[in-house]
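A.B. asks: Sharing a model prediction with you, sequence too.
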Amino acid sequence: MTTAERTGAPSTTIETPVLQVRDLSVAFTTESGTVSAVDRVSLDLAPGEIVGMVGESGCGKSVTAMSIGGLLPDSARVTGSVRLQGTELVGTRESVLRRVRGKDIAYIFQEPMTSLNPVLTIGRQIAEVLQVHERMSRRAARARAVELLSLVGIPSAATRVDNYPHQLSGGMRQRVMIAMAVACGPKVLVADEPTTALDVTVQAGILQVLRDLRDRLGTTILVITHDLGVIADIADRVVVMYAGRVVERAPVTDLFAFPYHRYTAGLLSASPTPGVHAGTQRLQEIPGLVPVLSAQPDACTFADRCPAADERCREAAPPLEAVRPALTEHVAACWHPCPTPRTRPEETIA
Amino acid sequence: MTSQEYALELSDLVMHFGAVRAVDGVSLAIPRGRVTALVGESGSGKSTVGRCVVRLVEPTAGTVRIAGADVTHLSRRQLRRHRSDVSIVFQDPAGSLDPRMLVGDIVAEPLRLSGRRISRRDRDARVATELGRVGLRAEVARRYPHELSGGQRQRVSIARALISEPMLLIADEPTSALDVSVQASVLNLLADLQRDIGFACLFITHDLSAVEYLADDIAVMYLGQLVEKGSREQIFARPGHPYTQALLSAAPVADPERQRQRQQVLLGDDLPTALDPPSGCRFRTRCPLAFDRCATEVPAQVEYGDGMAACHLVQPDGTRPDVRAADTNEVVS
């Protein structure tokens, strides 16, 4: 990539994003006052892209995912903008949203068993989606259900289609959920911790299915996870969230090789990695706890746990911007970004 | 090594729940002061092994020896003498701490159960020391579990487990419910305490990356049986059993360049159940290298390196299969 001729121009892909999130904020009213869960999150998903959103519990990643499809309860106050191929979704009537969900945006969640109806065969459940959204006949829907099951790698799909959820393993159930989610050919698939409840040997297969969907159908996928290993495996770009805010956003290899935000760097070195820690080294810890915020403060929310924090971090929230002007796709919200360990090849060219 | 030198010895441990053969002949010995990780996926029976050791359940067959003493069929009363030798830390600290008890009382509970008389002041001092050891302030003793974070609650569980100075600690997925940054601090704490105090530990987990950092030895379980045992170095560098190899290959590494270059072994995800385990080798239904003999003959535990592997393709001379070669049909034998 040559960066010389692109000075100042935004380097995001020229294609129009499928999904455009701008300044999305979510607050909940609780007994003990207002809690700010998501604070001015902006995000673009380009067609056919797999974006990973990573963070620990309470960082707002799942709430962000739910608010995209309007899945939050009424107690949530959602502001900002979510545009799906140009159509605004925030504040849209529920009847319109219901058409969008399932057809244009589909979801899969952590626990497939609770999302499936135990008294209907998986074939009936997939067919139902097609009958409702695509007005297919029962017979056509069933035939399509079999196709979808083999698409997601379920062996002998023609007989499996008559199974009940309890007859399937956890991994198979998650494949069924994916088949149901992609039944109407959604533009965007939101996968919220899709492999967290599964064993690693099963997880590898599910991640493979998601990658196949993108490659074969061009589905745009937002993967929400706490697991950096999953991100490293599947994501093209990564969004790191902390205490309701996006703290860093970068292409996947850049993020792991050169994390700028101190929180990202902390997360990376806290994750045990085979072959790295091998008995002798200690894992790095991030001291302190994630704050629960009644209002988003005008400060860096990570300052209290950050080794590099100073006065400035406690007085003003750092903007999310490129740390190196030449690398516009790698942005971080940090006043004192980590020093880059070695010269980046891109910069020597530029 | 005499029996006294092992903190824990399991021989042919069997635990059946009705028709479910949760644990089906597990033999394992942990020398004093060493950490053995018991690794397996859900349904492998690894947690049941831990529950047999602390006698939350009475094994169907086989023996459990703690510090040389057979505790397999002791009554609750008889067990009390051995209770202080072994402690357990569970995965979910919220579920294993009584919400109506103060942290101080929770931590002191094992002292009360030991039956030895101890003054209030001594008790409080012991609790304060123990809380300090796990990195909590002494004031925490006057709090309730719900006032603490997940990581702090797990520290309380560890303090409670260690106050009786056990020779053996069973840690059943102690960090699986915690966030990455908190998990790191709890793993560090366990490693430090183990080094300082020198208790033996059976560390039960599904997460191989966590054990590379903690364990001396690793035992791998599949559907109620051990498929491989060995030193940590050997298991990571030269895993013998195809299942161990698949497990290592499936765990993603947090490094995109390395992760995307790795050759992954994809196993089918139709898992057999412990209700009706496959004949012969239990892993054969998912093993990319399975052949006729695997269905008819149960593989013997073959000496392999510094441990053992139960696979027809592993030989005592160090020959081992390679699951990654499965696609090319070139089986190393």
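C.D. replies: Received, thanks. Numbering: from 1, shown residues only, chains lettered A, B, ... in the order given.
A.B. asks: Sketch out the low-pLDDT regions of the stretch 101-250 of chain A for me.
C.D. replies: Counting by pLDDT under 70, the stretch 101-250 of chain A contains no low-confidence range.
A.B. asks: And the helices in it, which stretches?
C.D. replies: A:112-115, A:122-134, A:138-151, A:157-160, A:170-181, A:200-217, A:228-234 (DSSP state H, counting those that start in this stretch).
A.B. asks: do the stretch 251-350 of chain A as well
C.D. replies: With DSSP H, counting those that start in this stretch as the criterion, the stretch 251-350 of chain A has helices spanning A:252-257, A:262-270, A:311-315, A:345-349.
A.B. asks: any chance of those helices in CSV, plus mean neighbour count, mean pLDDT and distance to residue B:214?
C.D. replies: Yep, even glycine has a C-beta here, placed from its N, CA and C like the rest. Listed next are those as CSV, based on neighbours: other Cβ atoms under 10 Å in any protein chain shown; pLDDT from 0 to 100; distance: least, Cβ to Cβ, whole Å:
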stretch, mean neighbour count, mean pLDDT, distance to residue B:214
helix A:252-257, 20, 94, 24
helix A:262-270, 24, 92, 15
helix A:311-315, 14, 94, 34
helix A:345-349, 11, 43, 37
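A.B. asks: Make CSV out of the ones you listed and add distance to residue B:33.
C.D. replies: Formatted as CSV, those follow (distance: least, Cβ to Cβ, whole Å):
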stretch, distance to residue B:33
helix A:252-257, 37
helix A:262-270, 27
helix A:311-315, 45
helix A:345-349, 49
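A.B. asks: right, and the ones you listed - which one's nearest residue B:110?
C.D. replies: Distance to residue B:110, taken as Cβ to Cβ, is lowest for helix A:262-270 among the helices of the stretch 251-350 of chain A, at 30.9 Å.
A.B. asks: what are the phi and psi values for residue A:57?
C.D. replies: Note on residue A:57: its backbone torsions stand at phi -60, psi 140 [degrees, to the nearest 10].
A.B. asks: Verify the contact between it and residue A:224 for me.
C.D. replies: No. Between residue A:57 and residue A:224 there is no contact under Cβ atoms under 8 Å: 11.8 Å.
A.B. asks: Which one's more surrounded, the two?
C.D. replies: Comparing residue A:57 with residue A:224 by other Cβ atoms under 10 Å in any protein chain shown, the one with more neighbours is residue A:224, at 25 against 13.
A.B. asks: which residues does residue A:138 contact?
C.D. replies: Residues near residue A:138 by Cβ atoms under 8 Å, 6 or more residues apart in numbering or on different chains: A:127, A:131.
A.B. asks: Excluding covalently adjacent residues, which one is nearest to the residue in the stretch 51-200 of chain A that chain B sits nearest to?
C.D. replies: Going by Cβ to the nearest Cβ, chain B is nearest to residue A:171 of the stretch 51-200 of chain A, at 3.1 Å. Counting by Cβ to Cβ, 6 or more residues apart in numbering or on different chains, residue A:171 lies nearest to residue B:269, which is 3.1 Å off, once chain neighbours are set aside.
A.B. asks: residues contacting the one you found?
C.D. replies: Here residue B:269 is in contact with A:169-172, A:175, A:201-202, A:205-206 (Cβ under 8 Å, 6+ apart).
A.B. asks: can we see that at 6 Å?
C.D. replies: Residues in contact with residue B:269 (Cβ atoms under 6 Å, 6 or more residues apart in numbering or on different chains) are A:169, A:171, A:202, A:205.
A.B. asks: That one in helix, strand or coil?
C.D. replies: coil (DSSP: H, G, I helix; E, B strand; the rest coil).
A.B. asks: Can you name the residues of the stretch 101-250 of chain B sitting close to chain A?
C.D. replies: Within reach of chain A by Cβ under 6 Å from any Cβ of the partner chain, the stretch 101-250 of chain B has these residues: B:149, B:179-181, B:184-185, B:187-188, B:209-210, B:212-213, B:246, B:250.
A.B. asks: Can you flag which of those residues belong to helices?
C.D. replies: B:180-181, B:184-185, B:187-188, B:209-210, B:212-213, B:246, B:250 (DSSP state H).
A.B. asks: In those, find the pair that's most separated.
C.D. replies: Taking Cβ to Cβ, no two of those sit farther apart than B:185 and B:246, at 30.6 Å.
A.B. asks: Which helix or which strand is home to the residue nearest the centre of chain B?
C.D. replies: Computing the C-alpha centroid of chain B and ranking residues by Cα atoms, centre = their mean puts residue B:204 first, at 1.9 Å. Using DSSP states H and E, residue B:204 maps to strand B:200-205.
A.B. asks: quick one: contacts of that strand?
C.D. replies: Contacts of strand B:200-205 (Cβ under 6 Å, 6+ apart): B:7, B:30, B:32-38, B:46, B:50, B:168-173, B:194, B:211.
A.B. asks: now the residues you listed: which count as buried?
C.D. replies: Buried members of these, counted by 16 or more other Cβ atoms under 10 Å in any protein chain shown: B:7, B:30, B:32-38, B:46, B:50, B:168-173, B:194, B:211.
A.B. asks: Which ones among the residues you listed map onto helices?
C.D. replies: Those of the buried ones among the contacts of strand B:200-205 lying in helices (DSSP H): B:46, B:50, B:194, B:211.
A.B. asks: Looking at those, spot the one nearest residue A:240.
C.D. replies: Checking these one by one against residue A:240 (Cβ to Cβ), the nearest turns out to be residue B:211, at 26.8 Å.
A.B. asks: just for the stretch 201-333 of chain B, where's the confidence low?
C.D. replies: B:327-333.
A.B. asks: what ranges do the helices span in it?
C.D. replies: B:208-214, B:232-237, B:242-250, B:256-261, B:292-296.
A.B. asks: Take those helices and lay them out in JSON lines including distance to residue B:109.
C.D. replies: Conversion of the helices of the stretch 201-333 of chain B to JSON lines gives the following (distance: least, Cβ to Cβ, whole Å):
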{"stretch": "helix B:208-214", "distance to residue B:109": "26"}
{"stretch": "helix B:232-237", "distance to residue B:109": "33"}
{"stretch": "helix B:242-250", "distance to residue B:109": "37"}
{"stretch": "helix B:256-261", "distance to residue B:109": "44"}
{"stretch": "helix B:292-296", "distance to residue B:109": "48"}
